[in-house]
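**Student:** No letters, just coordinates:
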DNA sequence: TATGAATGAGTATTCATTCAT
DNA sequence: GATGAATGAATACTCATTCAT
């Protein structure tokens, strides 16, 4: 299958981009750098990717998926019984990942994002990804709020975690990430707990103005 | 006063950058564009700013301050008695601003951020900025959690609002901003309400891992 | 042969640089001028040379070689029997060349130099260059002083000729080159003559101090 | 006297240029650098010098004079009886100076030159400079060859020494300066000795061609 | 498919010089 | 004389993209 050769080469370019983006930053890495490091010809790049932005987003997707799946695997292993605590653990594992690999976080440049992921994860054949999807689908939160609403909530919480990681770990503000964690987890817990629903206002109250 | 001339010229360059960044995007705007639009010589730019990044960040600060102050003014006018509701209103006004001026949001490119702001606001002589600072300082949340902790909470909530605005308004996901609002405000209300504190775990529970 | 295309293009850039350096001077000639005159794209220049200095030195080498070889050809044609007189004739031909093409001398800007040349000439496949090398190697001076010492002497004499040409022809001092010639040739003759050796002090006398 | 202030400031600019030219090279030093280091305003520079070239040449003259005078002083102290040996010693002292301060040699960039100097020295009121002039004027060489011819010879020999120093000390070729010295001094000795005159050809023989 | 030489548009930045104060 | 803010011309160099082989 030439498809295998094709995919292997594509991955080789992604690997190359990953190394260089981490090392020199996305901006300073040129397509010349990438092909040189991947040991293919200049023109070959364009057979696989449209431009630097294209390969960057493909890379963001790959990394994000891996972080998500890796974290979910650890969640499954932990056999945490409570859904909310599973989600807190999930968030914690992601934060720990970024703590350990801050350069990855810097590279992602706030592009670590849930919605982009859900698309991928939902169509993923990876069993761990499917387990995560299933866990959320059958969660009490979805049953209480409905799937749509629950996804949005999950989205907001992940954005919150991602944005806070970026500011705290990369820009060192407003405080070290370990001091931000209790607050983040507190918010996640209350947001997912049944009592939290009460705080959600009626539609009419939504627009405060 | 040569200082006045100096400041006026600086503002003129910032105005020029603002117009062009909004119109053509930050990346596509060149220093040449900026000086031409401001009607000063090329070299003059470098007397005021180091490079494009420098003027961009100066601009982000200026815009962010203005949005904050403008929103706080409306909050003051509303005479909302409850602190939590003042904060929800404050968030709402910011969201409405970005809804109305999505290009500003795009321009800020996720750089609308609380900590960068607090530094400025705290040293600001603007009465509205001082009123905001005072309101937070004397809030029940600060009294309950302590100033440090409260600032971090505020920070997280603002990051959450900003990140959600960006995704929702600019990238149209996962849902229109009006559908995100109830969830955001719910989270803000519970986070600021006294009962929320119960959800904040002890230090020992913080590290889930 | 891609090598032939490559070399042809390189020479074309050198030709272009030669024309412009002579016409406008090295300083006033820009890379843009060179590529325009050579009718290639800007970027192409950088595939062949690092910067203006790089092409300048490549050009100096090319010109110097040509002057040397051309002069040696005339020496061979003259069938001058005596080695010393061959060398004086050789110097004279170089001086005459610079007299005829003062702009070349100006362009070389005192970079016409023997050691840089010997490297090239020694590895040259040009029969005239090889004849020159052979003539020197088998000269009585080499036999008397040893090769090392003789090369150094030749070097000093060529530096002397070059520096005097520059001052005399380009800066008109201290006198017209024709009035400098007798002195130069006198020095060359005594330096190469057997009796000159007597004047070369012992090592101990070398450090006057 | 405002003249004193003027001269002091001029010297201060020259000092500044000297420091910076040595440290960063002539090319990389800007007029801004010079005025900043001299602690005067930009415009002031132009009250004293036309441009960078102007101050550079003023500096070359100052340095060259100092080296010459300093060397002549040592010659006078040595009380060497023979004129030729005084000249060899003089050359040696110059070489030793450049050996000790190669950066000065680099800065002079082959502009250390006799004719430029003679003008200055001849009009100099410095007693050492006058002693040097007098020594040459009354030398046997001048008596034998005539003043004109002798000056030209001196010129050639100084050019030879300067060019050889530059190549040897700065560009390390063709050999260390200490190995070049015996040859240089041999040439100087024979050139100044009475027997050397014999080698100077008649006018008709001058043009070898 | 793959190559990599050639392209050339595009831009930041420097710095000598001026001149109103 | 002295200042230094303002000027703006001038230029090197990069790098994404193409296309003939």
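**Tutor:** It's in. The shown structure was predicted, so the numbers you read here are calculated from the model rather than taken from an experiment.

**Student:** got a list of what the closest residue to residue A:177 other than its chain neighbours touches?
**Tutor:** Excluding the flanking residues, the one nearest residue A:177 by C-beta to C-beta, 6 or more residues apart in numbering or on different chains is residue A:168, at 4.3 Å. For glycine as for every other residue, the C-beta is placed from the backbone atoms N, C-alpha and C. Listed by C-beta atoms under 8 Å, 6 or more residues apart in numbering or on different chains, the contact partners of residue A:168 are A:174-177, A:180.

**Student:** And the helices in chain A?
**Tutor:** Secondary structure of chain A (DSSP state H): helices at A:2-24, A:31-38, A:42-48, A:52-78, A:83-100, A:102-108, A:114-122, A:127-137, A:140-145, A:147-165, A:177-192, A:196-199, A:203-206.

**Student:** can you redo these as CSV with mean pLDDT and distance to DNA strand E?
**Tutor:** Formatted as CSV, these follow (pLDDT from 0 to 100; distance: least, C-beta to the nearest atom of the strand, whole Å):
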stretch, mean pLDDT, distance to DNA strand E
helix A:2-24, 92, 5
helix A:31-38, 96, 8
helix A:42-48, 95, 2
helix A:52-78, 93, 14
helix A:83-100, 96, 30
helix A:102-108, 94, 21
helix A:114-122, 73, 23
helix A:127-137, 91, 28
helix A:140-145, 93, 42
helix A:147-165, 93, 28
helix A:177-192, 96, 32
helix A:196-199, 48, 48
helix A:203-206, 41, 43
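
**Student:** Distance of the closest residue to chain C within chain A relative to residue A:8?
**Tutor:** In chain A, no residue comes nearer to chain C than residue A:32, which is 11.9 Å away by C-beta to the nearest C-beta. According to C-beta to C-beta, to the nearest Å, residue A:32 stands 21 Å off from residue A:8.

**Student:** Equivalent analysis for residue A:33, please.
**Tutor:** 20 Å.

**Student:** and residue A:79, what are its phi and psi?
**Tutor:** When read as degrees, to the nearest 10, the backbone of residue A:79 gives phi 50, psi 40.

**Student:** nope, residue A:29 is what I meant
**Tutor:** phi -90, psi 130.

**Student:** Please apply the same query to residue A:28.
**Tutor:** Main-chain torsions, residue A:28, degrees, to the nearest 10: phi -80, psi -10.

**Student:** That one: how many residues sit nearby?
**Tutor:** For residue A:28, the neighbour count with other C-beta atoms under 10 Å in any protein chain shown is 10.

**Student:** What does the pLDDT read for it?
**Tutor:** Looking at residue A:28, its pLDDT reads 91.

**Student:** Check residue A:195 too.
**Tutor:** 67.

**Student:** Tell me how far residue A:94 lies from residue C:54.
**Tutor:** Counting by C-beta to C-beta, the gap from residue A:94 to residue C:54 is 51 Å.

**Student:** Ok, residue A:23 next?
**Tutor:** Counting by C-beta to C-beta - residue A:23 and residue C:54 are separated by 29 Å.

**Student:** Also residue A:77?
**Tutor:** Applying C-beta to C-beta to residue A:77 and residue C:54 gives a distance of 60 Å.

**Student:** which one of these two has more residues nearby?
**Tutor:** Higher neighbour count among residue A:77 and residue C:54: residue C:54, with 13 against 8, using other C-beta under 10 Å.

**Student:** for residue A:69, what are its contacts?
**Tutor:** Residue A:69 touches A:126, A:128-129, A:132, counting by C-beta under 8 Å, 6+ apart.

**Student:** quick check: domain ranges of chain A?
**Tutor:** A:1-49, A:59-196 (automatic domain parsing).

**Student:** on that earlier part again, mind giving me the PyMOL command for buried ones among the contacts of residue A:168?
**Tutor:** To isolate the buried ones among the contacts of residue A:168 in PyMOL, judged by 16 or more other C-beta atoms under 10 Å in any protein chain shown, type:
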select buried, chain A and resi 174+175+177+180
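
**Student:** With distance to residue C:90 added, can I get the contacts of residue A:168 in JSON lines?
**Tutor:** Shown next, in JSON lines, are those (distance: C-beta to C-beta, whole Å):
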{"residue": "A:174", "distance to residue C:90": "80"}
{"residue": "A:175", "distance to residue C:90": "80"}
{"residue": "A:176", "distance to residue C:90": "78"}
{"residue": "A:177", "distance to residue C:90": "78"}
{"residue": "A:180", "distance to residue C:90": "82"}
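
**Student:** Among the contacts of residue A:168, which one sits closest to chain B?
**Tutor:** Using C-beta to the nearest C-beta, the contacts of residue A:168 come closest to chain B at residue A:174, 4.6 Å.

**Student:** my read: that closest one touches residue B:159, true?
**Tutor:** No: between residue A:174 and residue B:159 there is no contact under C-beta atoms under 8 Å: 9.8 Å.

**Student:** ok, residue A:151 - contacts?
**Tutor:** When contacts are counted by C-beta under 8 Å, 6+ apart, residue A:151 is found next to A:118, A:136, B:174.
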